[in-house]
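Trainee: how would this look folded up:
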Amino acid sequence: MLTTLKGSAGALLLSGASLTAPLALATEVTIACGPGGDSDMCPELAQQWAEQSGNRVNVISTPNDTTEKLSLYQQLLSSGSSDIDVLIVDMAWPGLLDDHLVDLSRYLPNDATEGFFPALIDNGTVEGRLVAIPWYTDAGVLYYRKDLLEKYDQQVPETWQQLTETARTIQAAERDAGNADFWGYSFQGRAYEGLTCNALEWVASQGGGTLVDDAGEVTIDNSHAAQALDLAASWIGSIAPEGALNHTEEESRGLFQSGNALFLRNWPYVWKLSQAEGSPVAGKVGMAPLPHGSQGESRATLGGWNLAVSRYSEHPQAAAELVAYITAAPQQKVHAMKMGRNPTIERLYQDDEVLASNPSMGELYEALRTGVARPASVTGDAYARVSNAFFNRTHRVLSGEETGTQAVEALGKELERIGRRGW
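Mentor: Residues are numbered from 1 along each chain as shown. Predicted coordinates:
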């Protein structure tokens, strides 16, 4: 059964399907999952819960673009809509949406968050209220074609400049060999939250700070940040296609997994998909820490998704139980093994079956533990405006409309205005 929500917010929803158990009096819970497709296990796990609990689940697919997803949620929640009970929310959103989310600790046992990374539980806790439980976590990583590096006697790059030079060299060689569609680097360049994640890695790994520091001071207006953005702009039309300016995670993965890119910046979920049967690059892909600038060290933006319950839900108890089921260790283990998603429960990083299915999982543990967080906690409700300002200015640099120096100067002033009365 397809589900359609009324109003402008409903127009952003992609599709929905009713997943039901054979009980006439079952409670129906609606969950907003991801965009659907092979990389989204949310509908499958929701169906399992429905079958085991005797309840019914209505699954709504939301936009892949994280900025569009947040806009959808804000429209629905600000109107007090009860159309969605369970929401999948980015780790940067609990502070933005907390007024609209229930305190899950009121509906779940005291040990519901036992064994999770403490920092991730802290991230989902706002003013003592547990508003989100982490489902899977992420950190940006570099994928590369190990067969091509070997073919052309090149090393995995440790700096962004090395990546640029290696990508240019191998791209030219592959095109000379007949692959006119081959590119050196694929990344997420669209003006959305994904570009914030990419750009934060460029800036932080060049010694340019994190936009706003832990004390709430705006730090972006500096030469290291400007240099990082200028280098990234040099990639467009050179080692990355013009189309990268509109690429999100899936478009950038598609370019790489089709065999038409040497390097890819993306999240850990790509590993499992790249190795799947039928993948043109299966067995040819390596994974490494992201490069760094001459003035810094590798920094991976932390990402990931949580599950939360709308305070406008008519069935908060059942909704909270669905959240607990999907985020429980057995389901996280299956999610890790089938989709390569990084668990939020620490002990799963020592699980033999998880590591056997994805040997890189253990290597990612340190990157996840030491990654760079977006300044969502310190900027609170203003984070959406902070990120929007950052990715829009970055996009202007990538598009050739501004230089890095112009962008960071303007961005610094804009962020000062946003935080003038305190975050």
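
Trainee: what is the burial count for Glu242?
Mentor: 10 (other Cβ atoms under 10 Å). Yep, even glycine has a C-beta here, placed from its N, CA and C like the rest.

Trainee: and the gap between the residue most central in space within the chain and Asn55?
Mentor: When the chain is reduced to its mean C-alpha position, the nearest residue by Cα atoms, centre = their mean turns out to be Gly303, at 4.7 Å. The span separating Gly303 from Asn55 equals 30 Å under the rule Cβ to Cβ, to the nearest Å.

Trainee: what of Ser234?
Mentor: For Ser234 relative to Asn55 (Cβ to Cβ), the value is 54 Å.

Trainee: so those two - more neighbours on which side?
Mentor: For Ser234 and Asn55, the more surrounded residue by other Cβ under 10 Å is Asn55, and the numbers stand at 23 against 13.

Trainee: so the more buried one is in contact with Ala318, correct?
Mentor: Yes - with contact defined as Cβ atoms under 8 Å, Asn55 and Ala318 form a contacting pair (5.8 Å).

Trainee: anything in contact with each of those two?
Mentor: Thr27, Val29 (Cβ atoms under 8 Å, 6 or more residues apart in numbering).

Trainee: domain ranges for this structure, per the record?
Mentor: Using automatic domain parsing, the domain parsing of the chain gives 7-131+303-370, 141-301+373-418.

Trainee: quick one: the last one to chain centroid distance?
Mentor: Taking Cα atoms, centre = their mean, to the nearest Å, one finds domain 141-301+373-418 lying 13 Å from the centre of the chain it belongs to.

Trainee: what average pLDDT does it get?
Mentor: Domain 141-301+373-418 shows a mean pLDDT of 96.

Trainee: for that domain, measure first residue to last.
Mentor: End-to-end distance of domain 141-301+373-418: 31 Å, with Cα to Cα, to the nearest Å as the criterion.

Trainee: likewise stretch 143-162?
Mentor: 15 Å.

Trainee: what comes up buried for that stretch?
Mentor: By neighbour count on 16 or more other Cβ atoms under 10 Å, the buried set for stretch 143-162 is Tyr143, Tyr144, Arg145, Lys146, Leu148, Leu149, Gln154, Val156, Pro157, Thr159, Trp160.

Trainee: how far away is Thr403 from Leu97?
Mentor: Taken as Cβ to Cβ, the span from Thr403 to Leu97 is 35 Å.

Trainee: so between those two, which is more surrounded?
Mentor: Leu97 (23 against 15).

Trainee: ok but the more buried one is inside a helix, no?
Mentor: Yes - counting by DSSP: H, G, I helix; E, B strand; the rest coil, Leu97 is found in a helix.

Trainee: quick check: it touching Leu77?
Mentor: Yes - taking contacts as Cβ under 8 Å, Leu97 lies within contact range of Leu77: 6.6 Å.

Trainee: re earlier: and of the buried residues of stretch 143-162, the nearest to Asp65?
Mentor: If you rank these by distance to Asp65 using Cβ to Cβ, Tyr143 comes first, at 21.4 Å.

Trainee: and the closest one, helix, strand or coil?
Mentor: Note that with three-state DSSP, the state of Tyr143 is strand.

Trainee: mind listing what the closest residue to it other than its chain neighbours touches?
Mentor: With Cβ to Cβ, 6 or more residues apart in numbering as the criterion, Tyr143 has its nearest non-adjacent residue at 4.2 Å, and that residue is Leu264. Neighbouring residues of Leu264 by Cβ under 8 Å, 6+ apart: Leu142, Tyr143, Tyr144, Tyr185, Ser186, Phe187, Ser252, Arg253, Leu255, Phe256, Val270.

Trainee: so which of those residues belong to helices?
Mentor: Mapping the contacts of Leu264 onto helices (DSSP state H) picks out Ser252, Arg253, Leu255, Phe256, Val270.

Trainee: please identify which pair of those residues lies farthest apart.
Mentor: Pairwise over the ones in helices among the contacts of Leu264, using Cβ to Cβ, the maximum falls at Leu255 and Val270, 11.6 Å.

Trainee: can you show me the strands along the stretch 251-400 of the chain?
Mentor: 261-266, 285-288, 302-309, 342-343 (DSSP state E, counting those that start in this stretch).

Trainee: out of the contacts of Leu264, flag the one nearest to Glu51.
Mentor: Val270 (30.3 Å).

Trainee: just checking, the closest one touches Arg253?
Mentor: Yes - counting by Cβ under 8 Å, Val270 does reach Arg253; the two are 5.3 Å apart.

Trainee: and Tyr136, its phi and psi?
Mentor: Note on Tyr136: backbone dihedrals following degrees, to the nearest 10 are phi -150, psi 150.

Trainee: check Glu44 too.
Mentor: With angles defined as degrees, to the nearest 10, Glu44 sits at phi -60, psi -40.

Trainee: can you give me the neighbour number for it?
Mentor: 16.

Trainee: where's it relative to Cys33, distance?
Mentor: 10 Å.

Trainee: what of Val372?
Mentor: 28 Å.

Trainee: repeat that for His335.
Mentor: With Cβ to Cβ as the criterion, His335 and Cys33 are 13 Å apart.

Trainee: Ser399 and Leu245 touch, don't they?
Mentor: Yes - Ser399 is within contact range of Leu245, at 6.2 Å (criterion: Cβ under 8 Å).

Trainee: pull up the overlap in contacts between these two.
Mentor: Ile236.

Trainee: ok so, going back, between the strands of the stretch 251-400 of the chain, which one is closest to Ala112.
Mentor: strand 302-309 (11.8 Å).

Trainee: show residues contacting stretch 366-384.
Mentor: 70, 91-93, 95-96, 117, 123, 137-141, 196-197, 200-201, 204, 210-216, 289, 299-302, 342, 386-387, 418-419, 423.

Trainee: scratch that, stretch 402-416 is what I was asking about
Mentor: Taking Cβ under 8 Å, 6+ apart as the rule, stretch 402-416 contacts 211-212, 218, 220-223, 225-230, 233, 386, 389-390, 393-394, 396-397.
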